[in-house]
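Participant: the sequence and its predicted three-dimensional model are supplied below.
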Amino acid sequence: MEARDVMTTPVVTVSPDTPVHEIASLMVTRRISAVPVIDAAGKLAGIVSEGDLVRHVGAHTGSRHSWWLTWFAQRDDLAAEYTKSHGRTAADVMTRKVVTATESTPLDRIATLLERHRIKRVPVVRRGKVVGVVSRANLLHGLVAQRPAARPASVKDQDLRTRIAAELDRAGIDRAYVNVVVSNGSVELWGAVDNDTQRRAVALAAQNAKGVKRVVNNVAILPIALRGGAI
């Protein structure tokens, strides 16, 4: 299987001038742990993760460098860290060297990237533009759906995924929270929704897509405290 078979779409993004407090609010309300930063040309400029925001918060809690760290640190390093920890916009706090994948990157290669760089997700890009995101959870979904003798996803499987996405849109389901994995006509549904009505709608959307052989609905219902981003 490849990135295109499990990636989450559409992708929630921000611009370089988005204020930090708006990014934090967006990540809470959308229940995501990172957002790609897209420049005026629509290209990937960086990514803001929970880790970036935690460093920002830490700078305002009174923490300071120990004297020996400050003594040996290079001025440019300290300046860069100050900007990242005290910055006001995405451009200030984002990680600029982003590890990415393409739609045809095999899942085992993505797993290696996540492990090697100690990251939780990779943006999927096409000619510099973000078309999806593959997270650790997406990888697990792909592994569950994949059979021991499974071959790369066929064109038909990709078509089925597109049809199901269209049905989810018709049902009013936010696809940012639901992942669809198709393998040889069998569909695995993952993610979380607010209530049982939405959960049933997700299953029906998959069942109504022409060509689907089997549907396994693993979608969970969020606890009341987490619905609508109220954490």
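Facilitator: Ah, there it is. It should be emphasised that the depicted structure is a prediction, and the values quoted were computed from it without experimental measurement.

Participant: mind telling me what element the residue most central in space within the chain is part of?
Facilitator: Nearest residue to the geometric centre of the chain (CA atoms, centre = their mean): V133, 4.5 Å. Element membership for V133 (DSSP states H and E) is strand 129-135.

Participant: also G142?
Facilitator: Per DSSP H and E: G142 is located in helix 136-145.

Participant: mind giving me the packing neighbours of that helix?
Facilitator: helix 3-6, helix 107-117, strand 178-183, strand 186-193 (3 or more CB pairs under 8 Å, 6 or more residues apart in numbering; DSSP states H and E). All C-beta spots, glycine's among them, are computed from the backbone N, C-alpha and C.

Participant: now do the buried residues in the next helix or strand after that helix.
Facilitator: Helices and strands here follow DSSP H and E; after helix 136-145, the next one along the chain is helix 155-170. Residues of helix 155-170 classed as buried by neighbour count (16 or more other CB atoms under 10 Å): 157, 160-161, 163-165, 167-168.

Participant: could you chop this protein up by domain?
Facilitator: 20-135, 147-229 (automatic domain parsing).

Participant: ranking the ones you listed by mean pLDDT, which is last?
Facilitator: Out of those, domain 20-135 stands lowest, with a mean of 79 (criterion: mean pLDDT).

Participant: start to end distance for it?
Facilitator: With CA to CA, to the nearest Å applied, domain 20-135 spans 23 Å between its terminal residues.

Participant: now swap in stretch 31-51 and tell me
Facilitator: Start-to-end, stretch 31-51 (CA to CA) is 15 Å.

Participant: run through who's touching that stretch.
Facilitator: Outside of stretch 31-51, the residues within contact range by CB atoms under 8 Å, 6 or more residues apart in numbering are 11-16, 18, 23, 26-27, 90-91, 93-96, 98, 100, 120-121, 123, 125, 128-130, 133, 176-177, 192, 226, 229.

Participant: what about R31, which SS state?
Facilitator: coil (DSSP: H, G, I helix; E, B strand; the rest coil).

Participant: columns distance to A3 on top of the domains of the chain, output as TSV?
Facilitator: Below are those laid out as TSV (distance: least, CB to CB, whole Å):
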stretch	distance to A3
domain 20-135	5
domain 147-229	11
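
Participant: and those domains: which comes nearest D5?
Facilitator: Closest to D5 of the domains of the chain, according to CB to CB: domain 147-229, at 4.6 Å.

Participant: what about the nearest residue in space to K129 that is not next to it in sequence, distance to L189?
Facilitator: The shortest distance from K129 to any non-neighbouring residue, by CB to CB, 6 or more residues apart in numbering, is to G42 (5.3 Å). Relative to L189, G42 is positioned 30 Å away (CB to CB, to the nearest Å).

Participant: the more surrounded of the two?
Facilitator: L189 (21 against 11; other CB atoms under 10 Å).

Participant: who does that one bridge with?
Facilitator: As for beta bridges, L189 partners with V180, N217 under DSSP bridges.

Participant: so it is in contact with V178, correct?
Facilitator: Yes: counting by CB atoms under 8 Å, V178 is a contact partner of L189 at 6.7 Å.

Participant: right, and A90 touches H21 too?
Facilitator: No: here A90 does not reach H21: they are 11.2 Å apart, not a contact under CB under 8 Å.

Participant: and L222, what does it touch?
Facilitator: L222 touches 192-194, counting by CB under 8 Å, 6+ apart.

Participant: between those residues, which has the most around it?
Facilitator: In the contacts of L222, the most neighbours by other CB under 10 Å go to V193, 20 neighbours.

Participant: do I have it right that that one meets A205?
Facilitator: No: the criterion here is CB under 8 Å, and V193 misses it with A205 at 11.6 Å.
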